[in-house]
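A.B. asks: Here is a sequence with its predicted model. Questions after.
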2 protein chains.
Amino acid sequence: MKAQIEFLPGGTVTSPEGFFAGAVSAGINKRAAGKLDLAVLFSETPCAAAGVFTTSRLKGAPVKLTRQRLEQGRAGAVVVNSGCSNSFTGEHGLVDAAETASLVAEGIGIEPKDVLVASTGVIGVPLPMKKIRASVEEIIMSRDGGHDLARAMMTTDTMPKETAVSVKIGNSEFTIGGAAKGSGMIHPDMATLLCFLTTDASVERGFLEGALKRAVDASFNMVSVDGDTSPSDMVLLLANGMAGGEPVSAGSEQARVFQRALEQVCVYLARLVAADGEGATRLIEVIVDGAASPSQARQAARAVVSSALVKAAVHGADPNWGRVVAAVGRSGAEMDEANIDLFIGDIQVIKAGRALNSGKREVNKLLKGREINLKVNLNLGKGSATAWGCDLSEEYVAINSDYMT
Amino acid sequence: MKAQIEFLPGGTVTSPEGFFAGAVSAGINKRAAGKLDLAVLFSETPCAAAGVFTTSRLKGAPVKLTRQRLEQGRAGAVVVNSGCSNSFTGEHGLVDAAETASLVAEGIGIEPKDVLVASTGVIGVPLPMKKIRASVEEIIMSRDGGHDLARAMMTTDTMPKETAVSVKIGNSEFTIGGAAKGSGMIHPDMATLLCFLTTDASVERGFLEGALKRAVDASFNMVSVDGDTSPSDMVLLLANGMAGGEPVSAGSEQARVFQRALEQVCVYLARLVAADGEGATRLIEVIVDGAASPSQARQAARAVVSSALVKAAVHGADPNWGRVVAAVGRSGAEMDEANIDLFIGDIQVIKAGRALNSGKREVNKLLKGREINLKVNLNLGKGSATAWGCDLSEEYVAINSDYMT
């Protein structure tokens, strides 16, 4: 069976059949007057649904509520706001999150328990419920409302992050869409951001959850901006089945293709998140091959992409490759100095543990590009992993030293 | 038995009896012409010696050599250079480290295997042995040479870090001195820097090693500047016994006092290392009380002090305490939101999980001081720990994006 996965120009989270979205400027985000900051995503038919959540012990009210509601394995809508994360807000935060969901449920005409809630923004400040009550009813839902939703999720993001792929397999066809926000507090493990994924494929709930977990592990969990994990982060996947056909279930050829397409969407969005890290001027992609195991490859790739020294060196286009091997060294992954190869872009700078006198000028030029590729081969085993991050700039500090004041 | 521990004005690593040091500008550090960059510390009588080393899998040649030589439990001298870390330099690096030690041994008239070696600086560049051969013999050793040694260790450090304490217990008296360098690549675990500690107390080797490990755990292992651990780091402790008296052995009152004095020296130096982190303008001290266990307290304190977002907020004197609780939340330490208290300096900003509307102006004023104190009480158990770090400034990025070029 031949399958085809194709990115859709202008694709977004409402590209799959039956999904609608809309957004409004509710005035929640005090730092950006007039910015869209409250949005709703819904499906005209009920969805199988799954989620992955922050690993922080501190969980925002929306995370608690949404995780609990997902136990039923289905959902009909998501409401999201930026400007206030409704985390560290105690019992009252849960009441506010539930009320927000209820307002949306009433507007759409579904049950409150089928509405999921996500919030991002400042920690420890209550949701301005007056504004939310006044604004929910003003939201106009449309089939291409995904673009507005992607904008409404943004905090210090400089651009919306959205995409969709069309998948053909045999005679059946379906679409997967997604929208994400990232920027600061982006770090494995999980969920490191907000991301909503939708599909009109019919997918069994049991498979859906595992598929999402695997896709997140290969994408968002391999992104680091600053080593901080937020209490608010979640990735949600809603499948409404409107494309028809047999439900995708584990072990089938469809499942394999669905998994691959989902991962492509997630990796695409994860790269956008990394490239748009706070203050970032460059995307850094780190590939580790030849590790003793896949998990050691992940460890090593994440250590390199998280290293403040590597990030600052890339920012300055400084060919200081010693920092890359130092990061691999402290990652905990098995390594033998005498086996290491390192490439910056196409240029090999270390061969079997020895520094080659590769053209510094060429490396410096490569490091000035928008996208930097670092490839480490540990030459020990077959473990392989890719991680994404960004450079560390003076701008990151400026953004984060003046966020609340 | 009454004991007294007193910091000595102008104290340094050669304050204890019988220790000599000297330094020279060998031209190893190409970025600072004329700077002292090669130094020797030695004791006129043989020392019991112990060391703690980097946890990175990538270990510089000096770390490998010194660790191996310390297996004999004694040493007579240490040679240290800055400007080149002699790490990721393969077999040849080991040969160079050993030759450096031999040159020093010959000059002093002791056995090469009694000379320990430490290096700090750029990774992946061979030691300039010609310069070292020419310079070792020019070093003039003196009783107050500790000050020059402390300067010779510096890389991007802006000031030498040294101190000494005088200890009186009953009729006996001894001195502990130390010199350290820090700045970048400073992170737990271990050793995160170079530090040489000396004492004229007579100390049993078995106790010496444990005492050093405990002191480092309470000091240098609780310091984070940028989350990067270097392949070169080590803390060495040499005890020459010249103060006389019974050897300090485990379980005695002397041992208890020696341990406390050693920790005071280490904490003093660790705080200097944190305060002089690359680009730092403020020292951050994080105290976590009430954790479920001491190790969870350590985890939480280290997570807060390592958080790029907390560091940037402190830099901007931004009272964004949500970032502090978010860092505790992701640290892995048990916590219950409803139990948390947080103080910034003397001002309580969170009580039992609720934000108090404490004067933002006062907090902002406190955050503009040279030293910021953050105190978290998890109110769960008796675990307590203190960690030190520094703010994250634009200057950190500037320093680290132009280190090699």
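C.D. replies: Looks like it arrived, so ask away.
A.B. asks: Do a quick rundown of the strands in the stretch 251-400 of chain A.
C.D. replies: According to DSSP state E, counting those that start in this stretch, the stretch 251-400 of chain A carries its strands in the segments A:283-291, A:341-344, A:347-351, A:354-355, A:371-377, A:383-390.
A.B. asks: any idea of the angle the last one forms with strand A:371-377?
C.D. replies: Angle, strand A:383-390 to strand A:371-377, by axes from the mean of the first three to the mean of the last three Cα atoms, to 10 degrees: 150 degrees.
A.B. asks: coming back round to it: out of the strands of the stretch 251-400 of chain A, the one nearest chain B is which?
C.D. replies: Closest to chain B of those is strand A:354-355 (Cβ to the nearest Cβ; 5.2 Å). All C-beta spots, glycine's among them, are computed from the backbone N, C-alpha and C.
A.B. asks: Not counting its own residues, what contacts the closest one?
C.D. replies: Here strand A:354-355 makes contact (Cβ atoms under 8 Å, 6 or more residues apart in numbering or on different chains) with A:321, A:349, B:88, B:90, B:124.
A.B. asks: what separates stretch A:106-124 from the chain centre, distance-wise?
C.D. replies: Stretch A:106-124 sits 19 Å away from the centroid of its parent chain (Cα atoms, centre = their mean, to the nearest Å).
A.B. asks: That stretch - what's its average pLDDT?
C.D. replies: For stretch A:106-124, the mean per-residue pLDDT is 93.
A.B. asks: and if you look at stretch A:306-321?
C.D. replies: Across stretch A:306-321, the average pLDDT comes to 80.
A.B. asks: Ends of it, what's the gap?
C.D. replies: One end of stretch A:306-321 sits 15 Å from the other (Cα to Cα, to the nearest Å).
A.B. asks: Now intersect the contacts of strand A:354-355 with the helices, please.
C.D. replies: residue B:90 (DSSP state H).
A.B. asks: Do a quick rundown of the helices in the stretch 151-300 of chain A.
C.D. replies: Counting by DSSP state H, counting those that start in this stretch, the stretch 151-300 of chain A has helices at residues A:205-217, A:253-275, A:294-306.
A.B. asks: and among those, the most buried is which?
C.D. replies: Among these, helix A:294-306 has the highest mean neighbour count (mean count of other Cβ atoms under 10 Å in any protein chain shown), at a mean of 24.
A.B. asks: In terms of secondary structure, what does it contact?
C.D. replies: If contacts are counted by 3 or more Cβ pairs under 8 Å, 6 or more residues apart in numbering or on different chains; DSSP states H and E, helix A:294-306 sits against strand A:223-224, strand A:283-291, helix A:322-330, strand A:371-377, strand A:383-390.
A.B. asks: Try it again at 7 Å.
C.D. replies: If contacts are counted by 3 or more Cβ pairs under 7 Å, 6 or more residues apart in numbering or on different chains; DSSP states H and E, helix A:294-306 sits against strand A:223-224, strand A:283-291, helix A:322-330, strand A:383-390.
A.B. asks: outside of the third one, which residues touch it?
C.D. replies: So that's helix A:322-330. A:300, A:303-304, A:307, A:309-310, A:313, A:335, A:340, A:342, A:374, A:376, B:56-58, B:88, B:122-124, B:228-231 (Cβ atoms under 7 Å, 6 or more residues apart in numbering or on different chains).
A.B. asks: buried sites along that helix?
C.D. replies: Burial within helix A:322-330, assessed by neighbour count using 16 or more other Cβ atoms under 10 Å in any protein chain shown, is assigned to A:322, A:323, A:324, A:325, A:326, A:327, A:328, A:329, A:330.
A.B. asks: Repeat that for stretch A:121-133.
C.D. replies: For stretch A:121-133, a neighbour-count test (16+ other Cβ under 10 Å) marks A:121, A:122, A:123, A:124, A:125, A:127, A:128, A:131, A:132 as buried.
A.B. asks: Quick check: phi and psi on the first one?
C.D. replies: In other words, residue A:121. phi 140, psi -150 (degrees, to the nearest 10).
A.B. asks: Then the second one?
C.D. replies: Backbone torsions of residue A:122, given as degrees, to the nearest 10, read phi -60, psi 140.
A.B. asks: The stretch 301-405 of chain A against chain B: which residues are in contact?
C.D. replies: Counting by Cβ under 7 Å from any Cβ of the partner chain, the residues of the stretch 301-405 of chain A close to chain B are A:307-309, A:312-313, A:315-316, A:318-322, A:325-327, A:329-330, A:335, A:337-338, A:353-355, A:392-394, A:397-398, A:400-405.
A.B. asks: Just the buried ones out of these, please.
C.D. replies: For these, buried by 16+ other Cβ under 10 Å: A:307-309, A:312-313, A:315-316, A:318-322, A:325-327, A:329-330, A:335, A:337, A:353-355, A:392-394, A:397-398, A:400-401, A:403-404.
A.B. asks: Quick one: name the residues of the stretch 1-150 of chain A near chain B.
C.D. replies: Checking the stretch 1-150 of chain A against chain B by Cβ under 7 Å from any Cβ, the hits are A:56, A:57, A:58, A:88, A:90, A:122, A:123, A:124.
A.B. asks: Among those, name the ones in strands.
C.D. replies: Among the residues of the stretch 1-150 of chain A next to chain B, the residues falling in strands (DSSP state E) are residue A:122.
A.B. asks: Switch the residues of the stretch 1-150 of chain A next to chain B over to a markdown table; also include distance to residue B:15.
C.D. replies: Shown next, in a markdown table, are those (distance: Cβ to Cβ, whole Å):
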| residue | distance to residue B:15 |
| --- | --- |
| A:56 | 46 |
| A:57 | 46 |
| A:58 | 46 |
| A:88 | 48 |
| A:90 | 54 |
| A:122 | 50 |
| A:123 | 47 |
| A:124 | 48 |
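A.B. asks: Closest to residue A:24 out of the residues of the stretch 1-150 of chain A next to chain B?
C.D. replies: Using Cβ to Cβ, residue A:122 comes nearest to residue A:24 of those, at 19.6 Å.
A.B. asks: Now the two most distant members of the residues of the stretch 1-150 of chain A next to chain B.
C.D. replies: It's A:57 and A:122 that sit farthest apart of those, by Cβ to Cβ, at 19.5 Å.
A.B. asks: In space, what's closest to residue A:329 - neighbours in sequence excluded?
C.D. replies: Excluding its sequence neighbours, the residue lying closest to residue A:329 (Cβ to Cβ, 6 or more residues apart in numbering or on different chains) is residue B:58, at 2.6 Å.
A.B. asks: Same question for residue A:376.
C.D. replies: Nearest non-adjacent residue to residue A:376, counting by Cβ to Cβ, 6+ apart: residue A:288, 5.0 Å away.
A.B. asks: can you count the residues close to the one you found?
C.D. replies: Using other Cβ atoms under 10 Å in any protein chain shown, residue A:288 is surrounded by 29 other residues.
A.B. asks: Report the closest residue of the stretch 101-250 of chain A relative to chain B.
C.D. replies: residue A:123 (2.7 Å).
A.B. asks: correct me, but that residue touches residue A:86?
C.D. replies: No. The pair residue A:123 / residue A:86 is not scored as a contact, 9.0 Å apart, by Cβ atoms under 7 Å.
A.B. asks: Report the contact partners of the residue nearest to residue A:368 when sequence neighbours are not counted.
C.D. replies: Once flanking residues are discounted, residue A:368 sits nearest to residue A:317: 4.7 Å by Cβ to Cβ, 6+ apart. Counting by Cβ under 7 Å, 6+ apart, residue A:317 touches A:364, A:367, A:368.
A.B. asks: pretty sure residue A:223 contacts residue A:275?
C.D. replies: No. Between residue A:223 and residue A:275 there is no contact, the gap being 9.9 Å when judged by Cβ under 7 Å.
A.B. asks: can you list contacts of stretch A:130-139?
C.D. replies: So stretch A:130-139 is contacted by A:22, A:23, A:24, A:26, A:27, A:28, A:38, A:40, A:100, A:103, A:104, A:107 (Cβ under 7 Å, 6+ apart).
A.B. asks: what about the last one, which SS state?
C.D. replies: Of the three states, residue A:107 takes helix under DSSP: H, G, I helix; E, B strand; the rest coil.
A.B. asks: and it, how many neighbours does it have?
C.D. replies: 18.
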